[in-house]
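> Need the 3D shape of this:
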Amino acid sequence: MVVISVRQFLKEAKIGRKAKEVTIKVDVSKEIFLKNIVFLYHHLLYPLVLRQVKVKVINNPFPYEAMEIAPLFLHTNRDAITLHLYLEAWDRLLKIKEDKNIETKKYSLEELNEEQMRAVKIQKGPVLVLAGAGSGKTKTLINRIYYLLNRGVKENHILVLAYNKKAEEELTARLGNEIKVEIRTFHAFGNQLLKQYSDFSFYEEDPSELSRALLERILNKHHPLIYGKGKDPLKGYQEKISAIKNNLYTTQEMLFEMNHQTIDFYPIFKDYMKELEEEKIYDYDDMLYLAVGLLLKEGRLRKVIQEKYQYLLVDEFQDLNPLQIQLLEILALPENHLFVVGDDDQMIYGFRGASVLPILSFQKKYPMAKMIKLTTNYRSSKRIVYHAKQFIDHNLTRISKEIRANKKERGIIDVKIAPSLLEEANEVYTWVQQRKQTEPITILYRYNEYGWFLKLFFALKGNKEEKVSTHFSKLFLFLSFFLDPFNLAKAQAVIKELQLTWNPKITQWEEFVQNYPKIFFAKIKETLTKKDLSFRHFCLLLHRKPSFFIVTEEVESTEASIFFERLIASFGGMKAFYYESKKEKTNQLSVQFATIHKTKGNEFAKVVYFHMVPPKDKALLEEERRISYVALTRAKEELLITTNSYAYQSYVKDYLNNDQLEDQKESSLRKRLSDLKEQIFITQTHRQLLYKDFTSIKKRIAYEVQEEVATYYSKEKERLNQLDKELSQKEQEQFVIEEEIWARSLSPSKKYAIISLEKGCEQSERK
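Numbers count the residues shown, from 1 in each chain. Below you'll find the model as predicted:
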């Protein structure tokens, strides 16, 4: 029996490893004990229990009881929540009985690599699995479940929490119908708790309207709402309420700038939650928030849920917001059998409250946690994996990791540098046309507006899957009015769009022109009949800005107007554009368009990353790199990147060029490459000769048992392995140098780099 003094432990933090029974003597005041409860739990009690040492505590100052914790502590006193939870866990951990699960071999593990197998077979305690892109995270999660079941863990003691519905469905399908492990999204789990253990009910009629109705009622007491044409005064307030819940903002953080004034949002939020409590209804956002509050408030329920779900498995850990992290902390106590899978390099939901910090600080939060890195990419070709690693290595706020390709195929990467979005779109169209596909080529972009440009361009180029009229409805109305025979209905529609008053006496073109003399209707029609007009000239004659013709909210009007102008100029003018667009479309390209965020978790044979550029705000550079990294690693075989010369020099070059080789001249690289090829040839020849000798010795051993022959065989085998290792290193170095020389060949010349947007527009018009 070993006695450990808490007072002494706080000074030295040492535990003997040989003792099978330990008595912890609490010889400090209650205040000191409370102040250090988290440290004592993680560094003293938990390690002993995890090693299945028998532990007894003398003078335990706070006997266990099911404590109620105020849910508003989430915003007013997070430290109080932590203290209460760990104080409760301290006592409950002492009552944990030795694991006597009956082992079975019911489920066969799939073929796993060494890293995956190591992760799967850590049964107890917290585990962080850093699963790089294409490294088999779903496979690891599924086999983790098989392993736990084979170790005698009951199905109903395992809970798998997925980030979204798609991930939940994939895990459920992979696991099959035979195994009844509970797999839920975070919100579905919260909804289940509220339905079973609360008197709240989900607002089925229109969940999105619930928060609006409650907010409107409350806000009219605090800040009278101003309703303007085309404006939704409640939208901003709804977003703040959602952010407060998901990010668990403190009261000090609830000061928001709204309508040019600083608003203390805490009184509004408090009243909102009071109204929600009285109404006993909740919307989608509240599913999780109210469930966390319920677990804090109901101590006995918390104990029941913690005892039920003894093993937690979490997918996409990097994308969780503070509210989801809080739920995990509650559920995992007291035993912390928490198995989280994620990748800090793929954290792209910062706008929803996600952060890389939970991954970076995981082992600090859980000192007994094991970290396993899955570093083999089974998805992408060698070049894509190599360059993606180079790119993400530029981020400083990350966990360093090796990433290597399992595939031997080199793969294809194309980079097109263009002076304008229009020419980038043309490069994409040409690249897609040159490829015959059995499955669609996936075109990825950062923002919806870039997708809008591309869909419009593809529609005008003749891809019948995209409708030109969707994007040009207003422009087509005006052009058909001027270029087709006079139509009274079209004339009325044009006047309505221009927000002018219609004269019902108008029946002919001459009368129409006479009634609206301030706008150059006659001049427009005459010019379009004789020659043509540019888009800008057309707008000037109508007394309207180019943004007048933008019919979508997905894009900023300035950039969209420039794109419109250049696109129409590429046809030769307004008239040529109209008649060309009206022609029947016969071309049908196999493409699909998507934002990067919507394709996370997916993979595609051929990928286009349209307009890969750095963010304007340098503070967002690391997150933008992660977003680009996710886009680049969706590709399995071929990848096209389009960009402009500025972005190439400042951003894309990080992806293509190796920083460690930047100081070496190309002539030196080529000399090294030539030497390597010669060394590889000699090593390969040496290996072939050695292998023949090795094979003949192996045959002799089969018929003769001679100690000296066996010893020689062993030495030759070691030499062969060493040669294989040398060959692999030299081939990798050859690959790196070849990639660097190729990347340097892409660099735009100084002359090309200073081509202005106006020059690009002129080139488009000449075409």
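> how about residue 401, phi and psi?
With angles defined as degrees, to the nearest 10, residue 401 shows backbone torsions of phi -150, psi 150.
> Tell me the confidence at it?
Turning to residue 401, the model gives it a pLDDT of 93.
> same deal with residue 540?
Among the per-residue scores, residue 540 shows a pLDDT of 91.
> Over to it. Which of the three states is it?
Assigned state for residue 540: helix (three-state reduction, DSSP: H, G, I helix; E, B strand; the rest coil).
> State the number of residues packed around it.
A count of nearby residues for residue 540, using other Cβ atoms under 10 Å, gives 14. In short, each C-beta sits where N, CA and C put it, glycine included.
> Same check on residue 82?
Using other Cβ under 10 Å, the number of residues around residue 82 comes to 14.
> What of the one 4 residues further on?
Look at residue 86: counted by other Cβ under 10 Å, it has 21 neighbours.
> so it is in which element?
Under the criterion of DSSP states H and E, residue 86 resides in helix 78-94.
> who does that helix touch, helix- and strand-wise?
Helices and strands in packing contact with helix 78-94 are listed as helix 37-40, helix 46-50, strand 54-58, helix 73-76, helix 299-308, helix 322-332; criterion 3 or more Cβ pairs under 8 Å, 6 or more residues apart in numbering; DSSP states H and E.
> Now tabulate these in CSV and tack on mean neighbour count.
Putting the helices and strands packed on helix 78-94 into CSV (neighbours: other Cβ atoms under 10 Å) gives the following:
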stretch, mean neighbour count
helix 37-40, 18
helix 46-50, 19
strand 54-58, 15
helix 73-76, 18
helix 299-308, 16
helix 322-332, 20
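> out of those, which comes closest to residue 485?
Between residue 485 and those, the tightest spacing by Cβ to Cβ is seen for helix 322-332, at 61.9 Å.
> average pLDDT for that closest one?
Regarding helix 322-332, the rounded mean pLDDT is 97.
> swap in stretch 382-393?
What stretch 382-393 shows for mean pLDDT is 96.
> you'd agree residue 15 is up against residue 44?
Yes: when contacts are counted by Cβ atoms under 8 Å, residue 15 is listed as touching residue 44 (6.7 Å).
> Need phi/psi at residue 234.
Summarising the backbone geometry of residue 234 under the convention degrees, to the nearest 10, its torsions are phi -80, psi -20.
> whoops, I mixed them up, residue 201
Its backbone dihedrals place residue 201 at phi -140, psi 150, with angles given as degrees, to the nearest 10.
> Quick check: which ranges of the stretch 351-500 of the chain have low pLDDT?
Across the stretch 351-500 of the chain, residues meeting the criterion (pLDDT under 70) sit at 462-471.
> could you dump stretch 116-131 to PDB, C-alpha only?
Listed next in PDB are the C-alpha coordinates belonging to stretch 116-131 (Å, rounded to 0.1, in the frame of the first residue of the first chain):
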ATOM      1  CA  GLN A 116      -4.700   2.600 -38.200                       C
ATOM      2  CA  MET A 117      -4.300  -0.600 -36.200                       C
ATOM      3  CA  ARG A 118      -2.500   1.200 -33.300                       C
ATOM      4  CA  ALA A 119      -5.400   3.700 -33.100                       C
ATOM      5  CA  VAL A 120      -8.100   1.000 -33.200                       C
ATOM      6  CA  LYS A 121      -6.500  -1.000 -30.400                       C
ATOM      7  CA  ILE A 122      -6.200   1.700 -27.800                       C
ATOM      8  CA  GLN A 123      -9.300   0.700 -25.800                       C
ATOM      9  CA  LYS A 124      -9.300   3.100 -22.800                       C
ATOM     10  CA  GLY A 125      -8.700   6.700 -22.200                       C
ATOM     11  CA  PRO A 126      -8.800   9.700 -24.600                       C
ATOM     12  CA  VAL A 127      -7.400   9.200 -28.100                       C
ATOM     13  CA  LEU A 128      -6.800  11.800 -30.800                       C
ATOM     14  CA  VAL A 129      -6.500  10.400 -34.300                       C
ATOM     15  CA  LEU A 130      -5.100  12.900 -36.800                       C
ATOM     16  CA  ALA A 131      -6.500  11.700 -40.000                       C
END
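> Residue 289: how many residues sit nearby?
That count, for residue 289 with other Cβ under 10 Å as the rule, works out to 25.
> Cool, thanks, signing off.
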